[in-house]
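Enquirer: What shape does this take:
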Amino acid sequence: MADTMKESADPATKVEEAAHFQQLLRELAVSDGSSGTDGGAENFDQIAYIIKQILQTGKEDVFGEQLSMFISKKEAEIEKMCTFHYQEFVQSVDQLLKVRQGTITLKDKILDLNEQMQASGSKIVSKKREIINNQHTLLNLELGVESLQSCLFVLDMANKVNASVENRKYYTALKMLEDLQKTHLRPLMHYTFAKYMQEYVPIMQENIRETVLQEVQTWLVNIRENTRAVGKLAMEHVAIKKGKAKHKAAEMIRGVSISGSSMNLGPVLDITANEEDDDNFDVDVKIDFRPLYQCLHIHEVLNKRNELRAHYEEKRRMQASILLTQKFSFDEGNLAAFQVYLYDVVGFFIIEAAVLNSTQDFRSRGGVEGLWSNAMDKMNEVITDSLQDCRNPDLFLTIKIAVVNFIDTMASYGFAITSLMDLMLSLLDRYAELMKSRCSDEITQIIENDEYAPMIVNDQAEYDLVTTAFKLKDDSRAKNLKFVSKEWAANIRFPKTLPFSKGFPRICAATKEFITGFYRFAEGFEQQYNEMDDLLKKSLESLLAQSLNSSLMGKIMASNISQVVQVFVNLEYFEMACAEFEQLLMDMRCDQIHESYSVYILTPELPLNRISHKAGQIRLQAAQTLKESRSIAEKRMFDLLNMKTDDFLEVADYDWYTGSTSLSLDQPADRFVRFIPIYRATNIPPASHSSYLDELVEFMNVIITSTLVNLPPSMRAQVYQGAFKHLGSTIYGLVLAPDVKKVSLTAIDVLDKDVAFLEKFATGVGEGKLGEAFAPLRQTVTLLKSPNIEDILNSAIRDRRYSRIKLDQLATLLEKMKGDTSMFSKSTPAEKAHRKSVETVLRGIKGQH
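Expert: Presented below is the predicted three-dimensional model:
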């Protein structure tokens, strides 16, 4: 079918296709002739494109015919061109042949000329070669001399290096070795000795490093031997300055003018020079740091500073470990080993501070602080363990003084002392506990051995001891003691009796010693005032409230009334002593604050009005505890006195029907102690009152004149009043007793005489209106003996005459009198009227209730 289509194709189409292919071939020919490398690639792409179109359209034959025609046409053009230029080519070949002949002739001439030149210059060449050889020889000689000089210079420098090392000029030796290695040996490396020397330079540098390192090691050993002397010197220096500061502070507080020089301690103590500002203070300990500085410099040059730092830190850490693990004991109270221990630690860290301050990037502050922190932990452990079994507070105080000096010294060099202050606070706790325990034992012993009798002072020396322990008061104008005046004290007559017992001033002295001892230990803790005051106040409260008060409470429970009275008096004075203790606390705290200002901020610019006490008022709660115990002692005193009174009333044998009394025959004869009566309470014959009252009055005489005489007047009046009230109420209770069924008027007459006897005795005591203690009994007796018993029912008369009568008790008594039928069986009209009045009163009383 394809052939049919080809045959039927239009001739005109074939002509167009032939023209088209001819055009393509011409374009290809033109582009092929004019294109370079890049154009060839484009032409190739164009050919590929044309061939692709021919193949796709199936015109291969047509294109082949046209290509053959194009080739034939081009061959004809080439042949025509060659025919046109052939004559010029022939002419050119002839000319080339002529040039060849001239060249051969010229070559022959040049060869002849060359032979002539060679012949004429052979002598010059030989002379020239001789000259060159001579120049090479001279150059070699010069090079040999120069090399020999260089070798001699290097060898001379090597000798100088050895000499510098022998003379300990290590830096000079290192610089020469560096010059040899970097400058002088490099040109000579083709020599064997230079290679050996180049290899020996690092060995020599290492030898120098080891040498200076050994010198540092020797230096470390030497300073370890001098550490103790440095520490002792520094601590003595700080102690002297602190003492001077305190002295000047005391002068300032007293208003004395002082020099305006600063009293602040410097941050660094110069351990190699004399202190001009301290009299009689000569620093005779000198430490040469040059070995360390030289070693540090050498290691810097060798770029091995870090290795030296690590080596130094390790050696110092080992020395610190050895130093801090020293063992000492306080068993025998010997502090020499402990003091040496503190000297060693101070000296060690002073040297560390000197190295830190005199070098850069060598001894790091963090490393020194870490070593110091470890040292403080170890010191805390060693000191705590050494004091574990110590029970002597005086030894604690001595140790504290040494440690505070240590703390002040280290603080002056800028070392942190927080952990040491914590240690001291813990030691302060233990010291306070030991002091409290010792003082408590002492107080307990004093209370147990006290005679519980008013103290008798025989001379002025004893009196001064008492006033030192407790500020006595002046009794020149009153029986009660007021504060002692000098005029009165000068006129004291001995022996003198004081209200309290011997144990009181001894306990006051022991308590004050406890307070002052605590503040002696607390001196130097300027930043911990609150903790110290709280601890002391807590310990003092415990000492007074537990040890003192508890021991006194044990004595209060005794059955000896004189002992209880004396304890009561002592308790009153202990309450007053609490005020002295409070004032002593205030004074001691002020002294501590003044001392702290003297050491740290005492300068001329600081006004004295800044040095004041701002801690506030101190109040001891133990005073209230003692007051409460005094109330218990007061009650116990009343109870014992009432018990004694009850003992006497137990022997009273009233016959309430017949109206007589006698001693009970059931009581043993030795129950009563016969006393010589002091007060004559009445002129009534002994038969006019009950006989047991004589014994009672004799006992009361002794109590009043001996046991109760030391009580304050107001307290004595209360005791008397309470005792007489109890006596009156007890006697009243006898007649009201349930076992008493009948009471006669005769018995009322006997009771009237007993009451009158007791009233006269109470009035004779002379302590206020003691007779009123029997008012209820007196008014009752008066009413019963009155012809107008009905007056009790009249409120106006009752309030005026019988206000102390209790109607229920009166009713009970009237019932007993009413029940006595025999009393009225043969009664007179007056007696019958009296009985009628009794019944009327009873009805009236019952009507009111």
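Enquirer: Please make it C-alpha for all contacts and neighbour counts, starting now.
Expert: Will do.
Enquirer: Quick check: buried residues in the helix or strand hosting S373?
Expert: If you go by DSSP states H and E, S373 is part of helix 365-386. Of the residues in helix 365-386, V368, L371, W372, S373, N374, A375, M376, M379, N380, V382, I383, S386 count as buried by neighbour count, 16 or more other CA atoms under 10 Å.
Enquirer: what about the third one, distance to Y732?
Expert: It stands for W372. Separation of W372 from Y732 (CA to CA, to the nearest Å) stands at 85 Å.
Enquirer: what are the ranges of the strands in this protein?
Expert: 455-457, 496-498, 652-655, 660-663 (DSSP state E).
Enquirer: Make TSV from those and add mean pLDDT, distance to S631 and mean neighbour count to it.
Expert: Formatted as TSV, those follow (pLDDT from 0 to 100; distance: least, CA to CA, whole Å; neighbours: other CA atoms under 10 Å):
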stretch	mean pLDDT	distance to S631	mean neighbour count
strand 455-457	88	23	18
strand 496-498	85	22	15
strand 652-655	75	32	18
strand 660-663	48	36	16
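Enquirer: between these, which one is nearest to L434?
Expert: strand 455-457 (30.2 Å; CA to CA).
Enquirer: average pLDDT for stretch 431-442?
Expert: Taken as a whole, stretch 431-442 has a mean pLDDT of 86.
Enquirer: got a list of contacts for that stretch?
Expert: Residues from elsewhere that reach stretch 431-442 (CA atoms under 8 Å, 6 or more residues apart in numbering): 391-393, 396-397, 510-511, 514, 518, 535-536, 539-540, 543, 547-548.
Enquirer: change it to 6 Å
Expert: Residues outside stretch 431-442 that contact it (CA atoms under 6 Å, 6 or more residues apart in numbering): P393, S547.
Enquirer: Might you list the low-confidence residue ranges for the stretch 651-800 of the chain?
Expert: Within the stretch 651-800 of the chain, the segments meeting pLDDT under 70 span 658-687, 766-768.
Enquirer: now do 50
Expert: 662-687 (pLDDT under 50).
Enquirer: repeat for the stretch 351-500 of the chain
Expert: Within the stretch 351-500 of the chain, the segments meeting pLDDT under 50 span 475-485, 488.
Enquirer: Swap in 70 and give it another go.
Expert: 473-491.
Enquirer: Could I get the full set of helices for it?
Expert: 365-386, 393-412, 418-449, 460-469, 486-490 (DSSP state H, counting those that start in this stretch).
Enquirer: Would you mind measuring from the residue of the chain positioned farthest from its centre to D94?
Expert: Going by CA atoms, centre = their mean, the residue of the chain most distant from its centre is Q87, 126.9 Å out. Relative to D94, Q87 is positioned 11 Å away (CA to CA).
Enquirer: that older thread, export the buried residues of helix 365-386 to JSON lines and append columns for distance to R290.
Expert: Below are those laid out as JSON lines (distance: CA to CA, whole Å):
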{"residue": "V368", "distance to R290": "20"}
{"residue": "L371", "distance to R290": "23"}
{"residue": "W372", "distance to R290": "24"}
{"residue": "S373", "distance to R290": "28"}
{"residue": "N374", "distance to R290": "28"}
{"residue": "A375", "distance to R290": "27"}
{"residue": "M376", "distance to R290": "29"}
{"residue": "M379", "distance to R290": "31"}
{"residue": "N380", "distance to R290": "34"}
{"residue": "V382", "distance to R290": "34"}
{"residue": "I383", "distance to R290": "36"}
{"residue": "S386", "distance to R290": "39"}
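Enquirer: Nearest approach to A577 belongs to which of the helices of the stretch 351-500 of the chain?
Expert: By CA to CA (comparing all of the helices of the stretch 351-500 of the chain), the closest turns out to be helix 460-469, at 9.3 Å.
Enquirer: by contact count, what packs against that closest one?
Expert: Applying 3 or more CA pairs under 6 Å, 6 or more residues apart in numbering; DSSP states H and E, one finds that helix 460-469 makes contact with helix 503-522.
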